[in-house]
Each structure stands twice: as structure tokens, then as C-alpha cells.
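Participant: One predicted model, sequence on top.
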Amino acid sequence: MTEPGHSPAIIRSIALTADADADADACARMMAASEPWISLGFGYQACRSRTSDPEKEVLAADVEGELAGFLILDMRGPFAGYIQTVCVAAARRGHGIGSALIRAAEERILRESPNVFLCVSATNDRARALYERLGYVRVGELPDFLARDHTEVLMRRTWGPLRDFRPVDPAREDGENGHARAGVRR
């Protein structure tokens with residue numbers, strides 16, 4: 001949802017290749033200048049390694065031709081569908097950028113899994129409230145997961161158990177996929 005006076009975000013995928021250095025660099029600079037990464041001790045180099053991992057997928061939100069936020073997604077392992085990072089430029093927070101990125105990630109994840117996972121710093125009340133509004137529930141706590149003396153809260157949104165899951169065919173809009181499409185709460 002776009003507020004009056006604000007342009008809508010355009011979501012695009014970033015291919016993490018040598019040609020995407022400018023995108024990875026812009027994402028890393030945004031991340032390194034934001035909480036919780038400042039408090040967690042993630043400087044530019046640590047953020048840059050996260051934004052340039054070719055095993056991950058990155059979604060970027062552009063507003064008026066400028067990077068407004070990004071999301072890093074991991075589709076591998078037992079928690080396939082793990083949103084590793086959501087970062088929105090300070091001046092763009094509160095305008096639906098984070099929600100748009102998460103909805104786009106959910107659509108991508110639902111092609112392969114009925115579960116979306118993410119972690120949020122226990123001290124990041126604003127982000128946790130957003131995730132709860134979007135239907136995520138607290139699964140547990142991970143003390144010392146990213147940094148000593150910092151706790152991450154693991155959250156999940158699900159469309160059903162893995163056993164019953166049938167991947168979403170993005171071409172089908174008729175509801176024959178066996179569950180609600182991404183962006184629609186159960």
C-alpha cells in the first residue's frame with residue numbers, strides 16, 4: 001500500500017554476479033548504516049559479504065529510481081524459505097517498502113515451500129510488530145546467534161505442513177494450488 005505523496009516501490013531481483021557489484025555495494029552500505037546491524041557489530045565488510053553471496057537471492061525495492069530497501073532470501077537447507085535480511089532505508093521506513101519486499105519473498109517461497117522463516121533482533125520492536133501484523137508468529141529465541149549477548153527471535157508464517165504441500169504454479173490464478181496465494185492471510 002502506498003501512502004499519499006509516496007511513489008510505489010518497484011520490486012526487482014538482483015542477480016549476485018560480478019556485474020551486480022553496484023547493487024551489492026549499495027545494499028551493504030544501507031545495511032551497515034542501520035540497526036540492528038550497527039549494534040550487532042556488522043560493519044561494511046560483514047554486510048558486503050552478506051549482500052554478495054551467490055547462493056542467496058536478493059530482492060530490491062526501488063522508489064523513484066533509487067534503492068529504497070532490499071531483502072535477502074535463502075532457499076536452501078531445512079529452513080528453505082528463510083528471509084535472512086530485510087533492510088529499508090531510514091527515510092523510506094513506514095511507507096510499505098518492507099511489507100512489499102516480504103510479500104514478494106512469500107510469493108517466491110510458496111513456489112517451493114509452505115513455510116516462511118525469519119529472525120528479528122529481540123530489541124527490534126518495530127520490525128517484530130510488522131512481522132506479527134503480516135501473520136508471523138514467534139517460534140523461539142536464539143541467544144548469541146548473530147552476536148554475543150544479543151538474542152534473535154525466530155518467526156514463522158505457514159500455509160500448512162510440508163507433508164501436504166503442493167508447490168504454487170504462478171501461472172494458475174484459479175485457486176487450484178491447494179492453498180491461498182502469497183499475500184493472503186490464512
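Facilitator: Sure thing, it's come through.
Participant: What segments of this structure are helices?
Facilitator: Counting by DSSP state H, one finds helices in the chain at the ranges 21-32, 37-40, 44-51, 97-109, 125-133.
Participant: Buried residues in the fourth one, which are they?
Facilitator: When burial is assessed from 16 or more other Cβ atoms under 10 Å, helix 97-109 yields the following buried residues: Ile97, Gly98, Ser99, Ala100, Leu101, Ile102, Arg103, Ala104, Ala105, Glu106, Arg108, Ile109. For every residue, glycine as well, the C-beta is placed using N, CA and C.
Participant: If we ignore the residues flanking it in sequence, what's nearest the last one?
Facilitator: Of all residues beyond its chain neighbours, the one nearest Ile109 is Gly81 (3.9 Å), with distances taken as Cβ to Cβ, 6 or more residues apart in numbering.
Participant: Spit out the contact partners of the closest residue in space to Cys27 that isn't next to it in sequence.
Facilitator: The shortest distance from Cys27 to any non-neighbouring residue, by Cβ to Cβ, 6+ apart, is to Thr51 (4.1 Å). Neighbouring residues of Thr51 by Cβ atoms under 8 Å, 6 or more residues apart in numbering: Leu16, Ala24, Asp25, Cys27, Ala28, Met31, Val58, Phe70, Ile72.
Participant: re the thing from before, please state the backbone phi and psi of the residue nearest to Ile109?
Facilitator: Main-chain dihedrals, Gly81, degrees, to the nearest 10: phi 100, psi 30.
Participant: Could you verify my assumption that it touches Phe117?
Facilitator: Yes: using Cβ atoms under 8 Å, Gly81 is in contact with Phe117, at 6.1 Å.
Participant: Those two: which has the busier surroundings?
Facilitator: In this comparison of Gly81 against Phe117, neighbours counted by other Cβ atoms under 10 Å, the higher total goes to Gly81 at 25 against 21.
Participant: separation between the closest residue to Gly160 other than its chain neighbours and Pro143?
Facilitator: Across the structure, with Cβ to Cβ, 6+ apart as the measure, the residue nearest Gly160 apart from its sequence neighbours is Pro114 (4.8 Å). For Pro114, the distance to Pro143 under the criterion Cβ to Cβ, to the nearest Å works out to 28 Å.
Participant: So between those two, which is more surrounded?
Facilitator: For the pair Pro114 and Pro143, the greater number of neighbours falls to Pro114 (21 against 10), based on other Cβ under 10 Å.
Participant: Am I right that the more buried one is in contact with Phe165?
Facilitator: Yes: contact criterion Cβ under 8 Å: Pro114 and Phe165 qualify, at 4.3 Å.
Participant: how close does Ile14 sit to Arg126?
Facilitator: To Arg126, Ile14 is 25 Å away according to Cβ to Cβ.
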